[in-house]
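[1] build me a model:
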Amino acid sequence: MGTTASQLRKDLLSEYQELTFLTKREIILAHKRFSELLSKEDRNVPTPRVPMEKVLSLPELKSNPFRKRISHVFSTSDMKDGSLTFEDFLDLLSAFSDSATLEIKSHYAFRIFDFDDDGTLDGGDLEKLVNCLTGETDDTRLTTEEMRQLISNILEESDIDKDGTVNLSEFQHVISRSPDFVSSFKIVL
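    The predicted structure follows:
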């Protein structure tokens, strides 16, 4: 289903529109931006991949503290290198679009925050999440005690079954009470 042509075929454009939360105009713009990231050699490959470093150079991702996790979560690369095909790129943009549902957005947010990819947010994931948000410099890093207390508070609020982790349904429950989540979980090209 991949495409390398500078023009997107009409049948693919329609299919992508049916499979994503993106408009035709957004898909065409995404294709243009993706094509700009490809090297000349990769433009002739049947299903080209853009390396993660190039994906992360996009202004829309460059300052996002979760940019590497975003690239890894949406990458279908067998090499687990964070590289994206055009369809991976569309999936990413679709999940972060204004039209994506709360369920889709919260599902991908959970996967992005699940740093060890084990299907739960445990203390280690929560610590990495907080460090991404606060920065890891000496000026912004929380003390060990502050981090312990914050993680304890997060688990107290979110861990409904009290197993010491936050699963997807618990995360979605918390997110459903956050009215600004849907509007803030977005990337616009």
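[2] now residue 48: closest residue in space that isn't a chain neighbour?
    residue 42 (4.2 Å; CB to CB, 6 or more residues apart in numbering). From N, CA and C alone the C-beta is placed, and that goes for glycine too.
[3] run a quick neighbour tally on that neighbour.
    Here the number of neighbours of residue 42 (other CB atoms under 10 Å) works out to 15.
[4] with residue 12 instead?
    The tally of other residues near residue 12 (other CB under 10 Å) stands at 17.
[5] could you list every residue that touches residue 144?
    If you count contacts by CB atoms under 8 Å, 6 or more residues apart in numbering, residue 144 has none.
[6] which residues touch residue 23?
    By CB under 8 Å, 6+ apart, the contact list for residue 23 reads residue 17.
[7] tell me which element the residue of the chain most remote from its centre is part of?
    Most distant from the centre of the chain: residue 145, at 29.7 Å, with distances by CA atoms, centre = their mean. Per DSSP states H and E: residue 145 is located in helix 144-158.
[8] test my guess that residue 130 contacts residue 142.
    Yes. Residue 130 lies in contact with residue 142 (CB atoms under 8 Å); the separation is 6.7 Å.
[9] shared neighbours, these two?
    With contacts defined as CB under 8 Å, 6+ apart, the residues shared by residue 130 and residue 142 are residue 150.
[10] count of neighbours near the residue nearest to residue 133 when sequence neighbours are not counted?
    Nearest residue to residue 133 in three dimensions, chain neighbours excluded: residue 65, at 6.2 Å (CB to CB, 6+ apart). Residues near residue 65, counting by other CB under 10 Å, number 14.
[11] show the contacting residues for the residue nearest the centre of the chain.
    Nearest to the mean C-alpha position of the chain, by CA atoms, centre = their mean, lies residue 70 at 3.3 Å. Residue 70 makes contact with 61, 64, 92, 112 under the criterion CB under 8 Å, 6+ apart.
[12] residue 96: neighbour count?
    Residue 96: 23 surrounding residues under other CB under 10 Å.
[13] so it sits against residue 183, correct?
    No. Residue 96 lies out of contact with residue 183 (CB under 8 Å); the separation is 11.5 Å.
[14] what helix or strand does residue 82 sit in?
    Per DSSP H and E: residue 82 is located in neither a helix nor a strand.
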